[in-house]
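Peer 1: sequence and predicted model, in that order:
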Amino acid sequence: MTDLTVTNLTVKAGRTTLVEGAGFSLVPGELVALLGPNGAGKTSLLRAALGLEKRDAGTATLNGDDCARLSPMERARRVAYLPQQRPLAWPNAVRDVVALGRYAYGAAPGRLSQPDADAVDRAMETCDLAALAHRSADTLSGGELARVHCARAFAAEAPLLVADEPVAALDPRHQFRIMDIIQSYVARGGGALVVLHDISLAARYASRLIWMKDGCIVADGPPTETLTAERLAEIYGVRARVHGTLVHIEGAA
Ligand SMILES: Nc1ncnc2c1ncn2[C@@H]1O[C@H](COP(=O)(O)OP(=O)(O)OP(=O)(O)O)[C@@H](O)[C@H]1O
């Protein structure tokens with residue numbers, strides 16, 4: 001079983017500490033939301049955890065292997081990463097864009113092996129893209145493009161998914177749609193770590209919430225244990241009412 005395990009991770013940029021002493025794990029079968037205000041260090045934590053940026057202390061392993069030492073292809077076979085900064089769109093057919101996700105297996109659009117083609121088809125089906133297969137990706141709406149990005153990540157058929165704000169700028173229906181797709185990936189045995197800014201959405205879908213503030217993880221546990229009005233005040237500086245996993249934010253504290 002693939003696991004991403006991070007211990008005591010510290011990331012600095014010059015003299016500024018972006019992440020300090022962070023630890024968490026991700027295993028298949030769980031959908032974990034990473035929460036925290038803008039600038040809390042979520043992206044820095046994820047990138048260093050995956051070995052995409054240097055760390056200044058701590059360890060980060062995938063299946064026991066140091067993430068920083070994995071080749072890009074080896075890493076891509078173990079974890080699919082959907083970055084926050086995504087290309088706006090490519091002027092290529094949707095299916096070819098999804099096929100980019102087979103990079104982990106050395107594939108390129110236009111020369112897909114049968115297993116590659118099958119994996120692309122499965123990812124397209126999961127993300128409901130069959131009708132758009134031949135459309136140029138730069139003609140899609142934001143919601144459609146978000147599904148293409150997801151399908152590209154899923155095409156690698158990696159056991160873990162790390163997605164940095166996959167529902168940013170989507171309307172509520174499309175947010176649910178993307179989260180449903182991620183949830184079905186988890187139900188099929190994947191493990192997902194997803195950065196979200198919508199606390200209600202996180203509480204609705206995630207089995208665990210990791211809360212971050214000022215570069216530190218301040219709580220990690222199920223919504224029923226970690227989602228409280230006090231925590232929302234501490235982390236986001238807002239007044240809120242919490243009933244189970246329902247959240248009503250009343251305003252700034
Ligand atoms: N290379 C860098 N040099 C200096 N500061 C940096 C660098 N990279 C990130 N930062 C700063 O570190 C802090 C954390 O950034 P990061 O992108 O990790 O936060 P985030 O929690 O993902 O934020 P958001 O929710 O807005 O995406 C921010 O204040 C950012 O400006």
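Peer 2: Alright, I've got the coordinates. Numbering: from 1, shown residues only.
Peer 1: can you pull out the strands in the stretch 1-150 of the chain?
Peer 2: 4-13, 16-26, 31-35, 57-62, 65-66, 79-82 (DSSP state E, counting those that start in this stretch).
Peer 1: packed most tightly, which of these would that be?
Peer 2: Sort those by mean neighbour count, taking mean count of other Cβ atoms under 10 Å, and strand 31-35 sits at the top with a mean of 25. No exception for glycine: its C-beta is placed from N, CA and C like everyone else's.
Peer 1: and the angle from that strand to strand 16-26?
Peer 2: 160 degrees (axes from the mean of the first three to the mean of the last three Cα atoms, to 10 degrees).
Peer 1: so what secondary structure elements neighbour strand 31-35?
Peer 2: helix 42-49, helix 172-187, strand 191-195, helix 199-205, strand 208-213 (3 or more Cβ pairs under 8 Å, 6 or more residues apart in numbering; DSSP states H and E).
Peer 1: ok, now with 7 Å
Peer 2: When contacts are defined as 3 or more Cβ pairs under 7 Å, 6 or more residues apart in numbering; DSSP states H and E, strand 31-35 packs onto helix 172-187, strand 191-195, helix 199-205, strand 208-213.
Peer 1: to residue 68, which of the ones you listed lies closest?
Peer 2: For the helices and strands packed on strand 31-35, the distance to residue 68 is smallest for strand 191-195, at 17.9 Å, taking Cβ to Cβ.
Peer 1: residues from the stretch 101-250 of the chain in reach of the ligand?
Peer 2: Residues of the stretch 101-250 of the chain found near the ligand (Cβ under 6 Å from any ligand atom): none.
Peer 1: flag the shaky bits of this protein, pLDDT-wise.
Peer 2: In the predicted model of the chain, residues 86-89, 109 satisfy pLDDT under 70.
Peer 1: can you redo the strands of the stretch 1-150 of the chain as TSV with distance to the ligand?
Peer 2: What follows is these, written out as TSV (distance: least, Cβ to the nearest ligand atom, whole Å):
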stretch	distance to the ligand
strand 4-13	3
strand 16-26	4
strand 31-35	9
strand 57-62	15
strand 65-66	21
strand 79-82	14
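Peer 1: reformat the ones you listed as CSV; add distance to residue 194.
Peer 2: CSV is the format used below for the strands of the stretch 1-150 of the chain (distance: least, Cβ to Cβ, whole Å):
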stretch, distance to residue 194
strand 4-13, 13
strand 16-26, 10
strand 31-35, 6
strand 57-62, 18
strand 65-66, 23
strand 79-82, 9
